[in-house]
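1. sequence and predicted structure, then a few things I'm wondering about:
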Amino acid sequence: MFALGLAALFAVLLFLSDGDILLTRPLWVDEWLTVLPATRASPFDLIGDLAAGADGGATLLHLVVWGMRNVLGELSPTTLRVMSLVCVFTALCLLYVVLRRRFGANASIAGALARALWFVVALASLALMPIALMLVSVAGQPSMCRDTRLPRRSRGAR
């Protein structure tokens, strides 16, 4: 259920942000810093470049882009950004599953969405936007922090 809601949220955000432009615009500098090391002939050369300071990003991302480039050939901005969206979607779903093992559904959803929107929260706090107040009010709900799956012990039970 969480995955369907998250997919709907992604679709709405892409629609509202004119996803065609978002997915097809030329690569930014930080994206080029991911793609250029992935043009190396072998993954060992790629890891060597990264160890020498070619980019500060995660090695796994560079290896995935290297593998995609070897399988698909030239990588378009659309291909790279769709891969990024799939990775973020998967990571948020896994985060929800991990949080759900300990917390209730509402708290797990709030935690996953807070992680997804952390940059929005930072910008909102600098710009004093109403979203910061909304997140504070949601975080203050005691029912969101209670684990509803564990049975409660009676006072006399030992």
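-> Cool, got the structure. Numbering: from 1, shown residues only.
2. only C-alpha atoms from now on, for both contacts and neighbour counts.
-> Will do.
3. pull out the buried residues from the helix or strand where V88 lies.
-> V88 is part of helix 77-100 when elements are defined by DSSP states H and E. Using 16 or more other C-alpha atoms under 10 Å as the test for burial, helix 77-100 gives P77, T78, L80, R81, F89, L92, C93, L95, Y96, V97, L99, R100.
4. same for that helix, what does it pack against?
-> helix 2-16, helix 19-24, helix 105-116 (3 or more C-alpha pairs under 8 Å, 6 or more residues apart in numbering; DSSP states H and E).
5. looking at those helices, which is closest to A38?
-> Closest of those to A38 is helix 19-24, at 20.1 Å (criterion: C-alpha to C-alpha).
6. which is the next helix or strand following that closest one?
-> Next along from helix 19-24, by DSSP H and E: helix 29-35.
7. residues touching that following helix, excluding its own?
-> A54, D55, G57, L61, H62, V65, W66 (C-alpha atoms under 8 Å, 6 or more residues apart in numbering).
8. of those residues, grab the buried ones for ChimeraX.
-> Selecting the buried subset of the contacts of helix 29-35 in ChimeraX, with 16+ other C-alpha under 10 Å as the burial test, is done by:
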select :55,62,65,66
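9. would TSV of the contacts of helix 29-35 with secondary structure be doable?
-> Below are those laid out as TSV (DSSP: H, G, I helix; E, B strand; the rest coil):
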residue	secondary structure
A54	coil
D55	coil
G57	coil
L61	helix
H62	helix
V65	helix
W66	helix
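10. look up how far A105 lies from the residue lying closest to T24 once chain neighbours are set aside.
-> Leaving aside its sequence neighbours, T24 sits nearest to T78 (C-alpha to C-alpha, 6 or more residues apart in numbering; 5.4 Å). In this view, T78 and A105 are 34 Å apart by C-alpha to C-alpha, to the nearest Å.
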